[in-house]
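Visitor: okay, predicted coordinates and the sequence, questions at the end:
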Protein chains: 2
Amino acid sequence: MRHQILVDMDGVLADVYTHFINLEYKDSGKTFTQEDLRGRLEDFVFPSFQKLVNSVGFFRTVPLLPDSVEGLKYLNDKYEVLIVSSATEFPNSLTDKRYWLAEHFSFISWKQMIFCGSKCNIKGDVMIDDHPKNLSLFDGKRILFSQPHNVYVHDETYQRISGWKDIMNLL
Amino acid sequence: MRHQILVDMDGVLADVYTHFINLEYKDSGKTFTQEDLRGRLEDFVFPSFQKLVNSVGFFRTVPLLPDSVEGLKYLNDKYEVLIVSSATEFPNSLTDKRYWLAEHFSFISWKQMIFCGSKCNIKGDVMIDDHPKNLSLFDGKRILFSQPHNVYVHDETYQRISGWKDIMNLL
């Protein structure tokens, strides 16, 4: 049987940082340096975080991370892929995320999507995620997708990758 | 550790039959006998099935099944409960289902909700579901919640129950 790969959305397929930065600038003119972002979770960095993630449309219009379409297509041809997104905290994100996946990743079926609160009850062989809170409870291979908030995370049980080109080389 | 119970929504918490029957009658005046419903899946019975399940609001306004609030509260106090709903096939159902759960089952946290396509990657000890397609792939205890579409299902690996009073007696 082919290995089951669990792929996160925000920070792995979706470029939520660029989306926050653009919308914060549009809202208030505020700008952010790399130093503002490093080692801090998004809800700590972005003043409009709660307003944005609870709005209708935020997750429907988030840009793609580089090479995510090509990379996910590569994984989907080779393995069993499940998209697993922490989403139930923000009710309006759910339908938005479903349509966003259909728009950008038409080769992913609705049968391959999971929107949850916690990822600890999802079975898989490999998890690709930018959040240690998800990876730390996973009993398969743990791949940490680099994002500004996790740059200071050092855990020997995670394999850090810097983007989709790394994933295509690794898996 | 407390046992993990996976609880379905449609046909277990939500009275989708009553909702379909009421809306079909409102739409076209059509009525249904018990015989029309027995042994047939809802998409086969109800002419407006696709229109309804794809609409905004259908899953937001579905009535509760009898004793479901009391029954789920009982389970939630005694076990680890996860609500697991097949929902990604119908994009507009997702946000509706999330708000519906919050309205009727305020004791269930967003961390306890999973909206998926297939349930075969969800871990648990007990599954309560009205669909053999979900129970048949589950490796824990399988509880079949009686609904008209499953009355002819006979499988010794399922424990059939007729409603939430049975669940409270059994678990």
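Guide: That came in fine, so what should we check first?
Visitor: quick one: the helices in chain A?
Guide: Secondary structure of chain A, counting by DSSP state H: helices at A:16-28, A:34-37, A:42-45, A:49-53, A:68-78, A:91-104, A:132-135, A:164-170.
Visitor: which among those helices is found nearest to residue A:59?
Guide: helix A:91-104 (4.0 Å; C-beta to C-beta). C-beta here means a position set from N, CA and C on the backbone, and glycine is covered the same way.
Visitor: give the buried residues for stretch A:112-130.
Guide: For stretch A:112-130, the neighbour count (16 or more other C-beta atoms under 10 Å in any protein chain shown) marks A:112-119, A:121-122, A:124-130 as buried.
Visitor: distance between it and the chain's centre?
Guide: 11 Å (C-alpha atoms, centre = their mean, to the nearest Å).
Visitor: could you do stretch A:130-139 as well?
Guide: 12 Å.
Visitor: next: stretch A:13-20.
Guide: The answer for stretch A:13-20 is 9 Å, by C-alpha atoms, centre = their mean.
Visitor: returning to what we had before: any chance of the helices of chain A in TSV, plus mean pLDDT?
Guide: Shown next, in TSV, are the helices of chain A (pLDDT from 0 to 100):
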stretch	mean pLDDT
helix A:16-28	96
helix A:34-37	94
helix A:42-45	95
helix A:49-53	97
helix A:68-78	98
helix A:91-104	98
helix A:132-135	97
helix A:164-170	98
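Visitor: among the ones you listed, which is the most enclosed?
Guide: Mean neighbour count (mean count of other C-beta atoms under 10 Å in any protein chain shown) peaks for helix A:91-104 among the helices of chain A, with a mean of 21.
Visitor: residues contacting that helix, please?
Guide: A:9, A:13-14, A:53-62, A:64, A:68-69, A:83, A:85, A:87-88, A:108, A:110, A:113, A:115, B:88, B:91-92, B:94-95, B:97-99, B:102, B:115 (C-beta atoms under 8 Å, 6 or more residues apart in numbering or on different chains).
Visitor: ok, back up a step: closest to residue B:148 out of the helices of chain A?
Guide: Comparing the helices of chain A under C-beta to C-beta, the one sitting nearest is helix A:91-104, at 28.8 Å.
Visitor: was I right to think residue A:48 contacts residue A:24?
Guide: Yes - Residue A:48 is in contact with residue A:24 according to C-beta atoms under 8 Å; the separation is 5.8 Å.
Visitor: cool, thanks, signing off.
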